[in-house]
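Chemist: could you look at this predicted model? Sequence included:
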Amino acid sequence: MHSFGHRLRHAMRQFGPLCVGIDPHPGLLRAWGLSEDVDGLEAFAEICVEAFDGRVALVKPQVAFFETYGSGGLAVLERTIEVLRASGTLVLADAKRGDIGSTMDAYANAWLGNGPLGSDAVTVSPYLGFGSLEPALSLAQANHRGVFVLAATSNPEGAQLQRITAADGRTIAQTMVDEAAARNTGHGFGSVGVVVGATLTEAPDLSNLNGPILMPGVGAQGGGADSIRALVPAANLAAVVPNVSREVLGAGPSVTALCDKTARLQEEFAFLQS
């Protein structure tokens, strides 16, 4: 089986670089005329699967919006992941897990193992120390999965920690990028990606990452082609995975409208793969 990095690169070349989120927050359920319960959640997820399956490089369910409905919501998430992966569409579980020792090991097995929530990749938080991610990093490599490490997020509170300068002169965010880059050495296009907000005014040096750069904040949040160009070196643009959620989902619940909006955004970001 090919590595996650290899499979993602292939999917980006085939479909374009876009990652589309499945974010069934209450406002969207109401806007789509769906009930704010497990039935509405399932209808929302089914529409998204129909619209995005086999049309984008990566689909990213936001785990929290499924968890809020308890076991029923998680069952919907399990089915969503299963259907997408069975058809060959790559799934990134946006779970932002981060802990230590046996707890992190359990998180890794849940999201990167072969159980019902097993996905192609998962988002993780390194702010208990990058080394705390070892269980996820090791299992991802063993199972040919991927990990996206939060590095420089666009929320204002993030700067309080991420822009602190360490003793070696690097910011904490830069340290996280460099640690991820070290994991990608010698692996072609690596499977350890980073998350960097597209709405930031400055970003860590990404030139040596050799892995995917997930950039949320595109579309409704204000990020776009110009902000990506400003944050990412030209030589690394082909590694950028723009993450769009509200900008696309606002076109629903029509599957045709969701597909059309996705196609327009694919065209907007086609320059990343040129």
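Modeler: All right, it came through fine.
Chemist: what ranges do the strands span in this structure?
Modeler: Here the chain has its strands, by DSSP state E, at 19-22, 58-61, 90-97, 121-124, 146-152, 192-196, 213-215, 240-244.
Chemist: now those in a markdown table, with distance to residue 228, mean pLDDT and mean neighbour count?
Modeler: Every C-beta, even on glycine, is put in place using the N, C-alpha and C of the backbone. Compiled in a markdown table, the strands of the chain are given as follows (distance: least, CB to CB, whole Å; pLDDT from 0 to 100; neighbours: other CB atoms under 10 Å):
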| stretch | distance to residue 228 | mean pLDDT | mean neighbour count |
| --- | --- | --- | --- |
| strand 19-22 | 13 | 98 | 25 |
| strand 58-61 | 16 | 98 | 26 |
| strand 90-97 | 18 | 98 | 22 |
| strand 121-124 | 19 | 98 | 27 |
| strand 146-152 | 13 | 98 | 26 |
| strand 192-196 | 10 | 98 | 26 |
| strand 213-215 | 6 | 98 | 27 |
| strand 240-244 | 6 | 97 | 26 |
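Chemist: and these as TSV, adding distance to residue 164?
Modeler: Putting those into TSV (distance: least, CB to CB, whole Å) gives the following:
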stretch	distance to residue 164
strand 19-22	29
strand 58-61	28
strand 90-97	20
strand 121-124	20
strand 146-152	12
strand 192-196	17
strand 213-215	22
strand 240-244	25
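Chemist: the stretch 51-200 of the chain: helices as residue ranges?
Modeler: 63-67, 70-86, 101-112, 134-142, 159-162, 172-184 (DSSP state H, counting those that start in this stretch).
Chemist: the closest residue to residue 261 other than its chain neighbours: neighbour count?
Modeler: The spatial neighbour of residue 261 that comes closest, neighbours along the chain excluded (CB to CB, 6 or more residues apart in numbering), is residue 251 at 4.1 Å. Residue 251 has 17 neighbours, counted by other CB atoms under 10 Å.
Chemist: check contacts around residue 251.
Modeler: By CB atoms under 8 Å, 6 or more residues apart in numbering, the contact list for residue 251 reads 257, 258, 260, 261.
Chemist: buried members of these into PyMOL, please.
Modeler: One line in PyMOL is enough to select the buried ones among the contacts of residue 251; burial here means 16 or more other CB atoms under 10 Å:
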select buried, resi 258+261
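Chemist: of the contacts of residue 251, which is the nearest to residue 34?
Modeler: Set against residue 34, the nearest of those by CB to CB is residue 258 (14.2 Å).
Chemist: of all the strands of the chain, which lies closest to residue 34?
Modeler: Minimum separation from residue 34 across the strands of the chain (CB to CB) falls at strand 19-22, 13.4 Å.
Chemist: hmm, who's touching that closest one?
Modeler: 44-45, 48, 52, 56-62, 80, 92, 94, 214, 241-245, 248-249, 262.
Chemist: and what of stretch 157-176?
Modeler: In this structure, residues lying in contact with stretch 157-176 by CB under 8 Å, 6+ apart are 126-127, 130, 149-153, 178, 194, 197, 204-205.
Chemist: let's see 7 Å
Modeler: Stretch 157-176 is contacted by residues 126, 127, 130, 149, 151, 152, 153, 194, 204, 205 when judged by CB atoms under 7 Å, 6 or more residues apart in numbering.
Chemist: tell me which two in the residues you listed are the farthest apart.
Modeler: The most widely separated members of those, counting by CB to CB, are 127 and 205 (19.5 Å).
Chemist: for residue 200, which residues are in contact?
Modeler: Counted by CB under 7 Å, 6+ apart, residue 200 has contacts 152, 154, 231.
Chemist: now do the last one: how many residues are near it, please.
Modeler: Pointing back at residue 231 there. The number of residues packed near residue 231 is 23, by other CB under 10 Å.
Chemist: ok, residue 112 to residue 255 distance?
Modeler: Distance, residue 112 to residue 255, by CB to CB, to the nearest Å: 30 Å.
Chemist: what pLDDT does residue 187 get?
Modeler: Residue 187 is assigned 72 on the pLDDT scale.
Chemist: identify the residues contacting it.
Modeler: Residues in contact with residue 187, defined by CB under 7 Å, 6+ apart, are 3, 5.
Chemist: what backbone torsions are found at it?
Modeler: Here is the backbone geometry of residue 187 (degrees, to the nearest 10): phi -120, psi 30.
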